[in-house]
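Asker: Pasting a predicted model and its sequence here:
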Amino acid sequence: MKVSHIVPGSLLSLIEGQDYHLVIPALLSQDEDYVAYYSEDRGFKILDNGAAEDDVQSIVHLMQWAEQIKADEIVIPDVIGNSRMTLNLANTWKGYDVKPYKLMGVVQGSNHSEMLTCLTEMLKMSHISTLGLPRHCVSFHPRMRYLLAERALALNPHKPIHLLGVNSEQPYEVADLTVLPNVRGIDTSFPTFCGMSGFDIQRDNVIGARRPPDFYDYIPDHEAMMQIRVNMARFDDWADANE
C-alpha cells in the first residue's frame, strides 16, 4: 500500500522521495514554498477538497490548483456524515470537463447502512475513478473501512480505494487493510504529530492522540525530527509500503 505522509511546510524535507501525495488546499493558499514543492514532478498527486480542514474548495479553485501542481486526481467535495448531499455533489461533477484529472468520490454516511449505500452508488458512477474511505468510518465499526473495501472489491475489483487519514482510535487498522488488493494507499499526519510530542507510535500508547491545531505551523527541533522519522518508518512497515 502507498503511504502519503502529511507534514507541515517546515518538514517537507522528510518526504523527499515519497511518490504518493495528498496535497492540502489550505496550505497551497498560505505557503508559496508548499506550492513550489508540489509543482515539481513528485509522483502521484491527489488534490484534497479541503473538507478535513473545514475549508471545502469550489470547483474553480480546485481546478486552478490542480493545474498549478499538475495533480493526477481531485477529491470531489463531500459533506461529512451526509450520504445524500455527498452523492448529489458527486453527480454534479459528472457534468464538468475535468480532463486530464481523475476523480475520487468520498464515501459518506451517518451509519453503516448509509455508507454502504453511498459506496454502492458511487461504484456505478463512471466518472469516479477512485473511492475514498474517511477515517471517521471506524466510529461505526472498528473494521468498517475493511468491510467497505471488501464489499467494493466484490462489486468492482478494478476501482481502487484510498484511505483518507488514520483514526487514532484504531491506529493499527492499516495493517489489516494491506491484504485487500484494491486498497491503493493512505494519507496520514498521525506519525508526524505523535512524533512532535515525542511519542513512538509502536512503543507508546498513542490511541486517541489528536493532531494539534497549530500542526501546520510547527517548527521542529532535532529530537522531534528524529522521532518523526522513526514513526514514519514504523507506519510504512505497518502498511507494507516498501513491498
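Answerer: Perfect, I can see it now. Numbering: from 1, shown residues only.
Asker: Does anything pack onto the helix ranked longest in the chain? Which helices or strands?
Answerer: Scanning the chain for the helix with the most residues, using DSSP state H, yields helix 222-238. For helix 222-238, the elements it packs on are strand 2-5, helix 173-177, helix 190-196, judged by 3 or more CB pairs under 8 Å, 6 or more residues apart in numbering; DSSP states H and E. The C-beta positions use only the backbone N, C-alpha and C, and glycine is treated the same way.
Asker: of all those, which gets the most neighbours per residue?
Answerer: Neighbour counts (mean count of other CB atoms under 10 Å) averaged over each of the helices and strands packed on helix 222-238 peak at helix 190-196, with a mean of 25.
Asker: so how far is that helix from its chain's centroid?
Answerer: 16 Å (CA atoms, centre = their mean, to the nearest Å).
Asker: which secondary element of the chain has the worst mean pLDDT?
Answerer: Counting by mean pLDDT, DSSP states H and E, the chain has its least confident helix or strand at helix 25-30, which shows a mean of 89.
Asker: Please point out which parts of that one sit buried.
Answerer: 25-28 (16 or more other CB atoms under 10 Å).
Asker: on that earlier part again, got the CA positions of the longest helix of the chain in PDB?
Answerer: Extracted in PDB, the C-alpha atoms of helix 222-238 (Å, rounded to 0.1, in the frame of the first residue of the first chain):
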ATOM      1  CA  HIS A 222      16.300  17.900  16.200                       C
ATOM      2  CA  GLU A 223      14.900  15.400  18.700                       C
ATOM      3  CA  ALA A 224      11.400  15.800  17.300                       C
ATOM      4  CA  MET A 225      12.700  15.300  13.700                       C
ATOM      5  CA  MET A 226      14.300  12.100  14.700                       C
ATOM      6  CA  GLN A 227      11.200  10.700  16.400                       C
ATOM      7  CA  ILE A 228       9.000  11.700  13.400                       C
ATOM      8  CA  ARG A 229      11.400   9.800  11.100                       C
ATOM      9  CA  VAL A 230      11.200   6.700  13.300                       C
ATOM     10  CA  ASN A 231       7.400   7.000  13.300                       C
ATOM     11  CA  MET A 232       7.100   7.300   9.600                       C
ATOM     12  CA  ALA A 233       9.300   4.300   9.100                       C
ATOM     13  CA  ARG A 234       7.200   2.300  11.500                       C
ATOM     14  CA  PHE A 235       4.000   3.300   9.800                       C
ATOM     15  CA  ASP A 236       5.400   2.400   6.400                       C
ATOM     16  CA  ASP A 237       6.100  -1.100   7.800                       C
ATOM     17  CA  TRP A 238       2.500  -1.500   9.000                       C
END
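Asker: contacting residues around the residue sitting nearest the centre point of the chain?
Answerer: The chain has Leu164 as the residue nearest its centroid, 3.2 Å off, counting by CA atoms, centre = their mean. Applying CB atoms under 8 Å, 6 or more residues apart in numbering to Leu164 gives the contacts 22, 52, 75, 106, 132-135, 187.
Asker: same thing but at 6 Å, please
Answerer: Applying CB atoms under 6 Å, 6 or more residues apart in numbering to Leu164 gives the contacts 132, 134.
Asker: repeat for Asp33
Answerer: Gly9.
Asker: In three-state terms, label it for me.
Answerer: helix (DSSP: H, G, I helix; E, B strand; the rest coil).
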